[in-house]
Structure formats: C-alpha cells, structure tokens
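Visitor: Sequence first, then the predicted structure, then my questions.
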Amino acid sequence: MSEEEGVDAPVEVDPLAACAVERDAFARAVLYTWTTQAQLEALRASRRLLVADARAGGRSSTFHRGLLERARAGDEAARTLVEHPGYRRRRYAWTCPFATVLGLGPRRYGDALIRVELAPAAIVARFAPTEAEPFAFVDLAQRPIAVADALAEPERIAAVYHVRDGPDEPVAFREFVLLNEAMVASWSIATDELAARVDAEIAAVEALAAGPFSQLPAAALGEAATPAWRRPPATPSPLSRWHASLAFDTERYRPSPGNLAAIAAALREYRAVGAPLTDRPTVTFPKGQE
C-alpha cells in the first residue's frame, strides 16, 4: 500500500445504500430488530424468534387492524395473513439499526439487537392500505409474484413490508413484519458481526454529521422523508438516501446536528450480553387453516 493510500486517505461516506427501501424495491434478506435484555434472555431460552401473538396483543397494532379491515372487505391476501395459523406470531424489524434506535413513540425498543436472515426462497409482501392495489409480492431478487401465485405458496411468505404514508396518517411510518419463522434461515445475537455493524453505523452517522449534513439549510432539515419512500430522485443525494433509509418520518430522525448526535449516542448504548449465538430455526409451517 502506498503512503497516499494509507490511514490519511479520505473515507467515502455512503452508508445508506443498503438501508434504503423504495416502493418497488422493498424485499430484503437481512433485517434487524431492537429488543430488551429481558426479551433477549427469553429468546436464548426458548429459541423462538417470533413470540407476539397476533390474536392477542398484536390485535391492537396498526398492521393487524389494517389487515382486519381489508379482510372484512373481502381481500383474499389480507384474509390469509389474518387467518392462517402459520402467521400468528410476529416480530417487527427494519433494514438498519440506526433508523429505529430511538423508537417511534416516547420510549426506545431496547438496547439489544437481533439480526435476522430470511431463507433464499422467501417471498416478501408489500401492504400499503391507501394504494389502489394494497398488496404486492416479490421474491428476494425483487421479481414480482402474482398475488394468486404467492397465496398458493403461503409457506414461502416470510414478511410484510407495511407502509403508512398517506395524507391522513398522523405519523408516517413503515416497518417489516416478520410473521413466518419457517422462512427464517437464521437469527443471531451478541455476535462480532452485529457489533461491527453497530460500530459502522455510528461512524457513518458521525461522518454524515461532519460532512454532507453539516451545512444543511433549515428548509432541507424540514423536508418530509416520504417522497423518497415512493420513488427515488433521478440523482440521489445524501439527504434523499437518508430519507429512503428511514422507518419513521418524525422530527427526531431529521438529520440535524442534535438528532444525529442522539442517534449515534443511542447506538453506542447497544449491549451484547452473553455468548454469541446464531440459531437456524427448524419450525414447520402448518399446512392448513384451523
């Protein structure tokens, strides 16, 4: 390595490319979900990744209410996702830790992190209730799958990209809902890979704060993220890539110096307690309705 290529060489700042999720390119093989240390210990003991029962506490979620509304209107995809026993347990996730580390409401989700990798055969749905066609299905290569064909192979539907960005939403947000553990290739906790991922995101956020976002005008800081969720600009900028990576279009994720410092500080609170663990679920998807 030459001296010019050494430690003083500038670092290219583009940490957001792998995090961005767009309307027509939404399938992701790797997702991350924040949780508490207590829940992590329960996961170590049970080895069950999906635990929230959609027919109990999950019923009050915006996702479940939206599915119920569509199912009652006769939507076959919604009815399948509501009624099939293979989708009763859920966990919520996103493409990168930084975008959900502060939470959506007043409290954070926790300081423990889980990495989830979907099986290669997985199908991912998009559920956007305000669109004329609320459901779309793709494989992990973003190839479209007809709704009827996806529903004919319910065992392959691994997750739903749920997006709420209509004009009547009090807060625009989106999420990945993991709902089929049989389509999870692996999940991992407390690994060196996770620690490295968090460290890389801290460095990326701080580099953005010191670089492209250091002189953003107030008007840019106030821009909504949702347009980037629907369609990326022809020439993406660091700001549009940031917007395309976000799960929540709220004030606390606007890239102001204070917000970026808070995001980096919250990432630093990540704790890897206990031995590294990677589990490969052997859950069997139930074949029929109950």
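Guide: Cool, the structure landed.

Visitor: Look at the closest residue to Thr130 other than its chain neighbours and say how many residues are nearby.
Guide: Nearest non-adjacent residue to Thr130, counting by Cβ to Cβ, 6 or more residues apart in numbering: Gly166, 3.7 Å away. In short, each C-beta sits where N, CA and C put it, glycine included. Residues lying near Gly166 (other Cβ atoms under 10 Å) number 12.

Visitor: can you check the one 5 residues further on too?
Guide: For Val171, the neighbour count with other Cβ under 10 Å is 12.

Visitor: mind checking how far it is from Glu251?
Guide: As judged by Cβ to Cβ, to the nearest Å, Val171 and Glu251 stand 10 Å apart.

Visitor: likewise Leu16?
Guide: For Leu16, the distance to Glu251 equals 19 Å [Cβ to Cβ].

Visitor: More neighbours: which of these two?
Guide: The neighbour comparison of Leu16 against Glu251 (other Cβ under 10 Å) goes to Leu16, with 23 against 10.

Visitor: Bridged to the residue lying closest to Ala128 once chain neighbours are set aside, which residues?
Guide: Spatial nearest neighbour of Ala128, chain neighbours left out: Val163 (4.8 Å); criterion: Cβ to Cβ, 6+ apart. Assessed by DSSP bridges, Val163 has beta-bridge partners Arg174.

Visitor: Am I right that Val163 is in contact with Arg174?
Guide: Yes. Assessed by Cβ atoms under 8 Å, Val163 is found in contact with Arg174 at 4.1 Å.

Visitor: Next, show the common contact partners of these two.
Guide: Trp229 (Cβ atoms under 8 Å, 6 or more residues apart in numbering).

Visitor: Tell me how many other residues crowd Gly74.
Guide: Gly74, neighbours per other Cβ under 10 Å, totals 8.

Visitor: Kindly apply the preceding question to Leu151 instead.
Guide: The local packing of Leu151 (other Cβ under 10 Å) involves 20 other residues.

Visitor: thinking it is in contact with Ala77, fair?
Guide: Yes. Counting by Cβ under 8 Å, Leu151 does reach Ala77; the two are 6.3 Å apart.

Visitor: Provide a list of residues in contact with Arg48.
Guide: Counting by Cβ under 8 Å, 6+ apart, Arg48 touches 89, 181.

Visitor: Which strand or helix spans it?
Guide: Per DSSP states H and E: Arg48 is located in neither a helix nor a strand.

Visitor: again, but for Ala150
Guide: Ala150 belongs to helix 147-152 when assigned by DSSP H and E.
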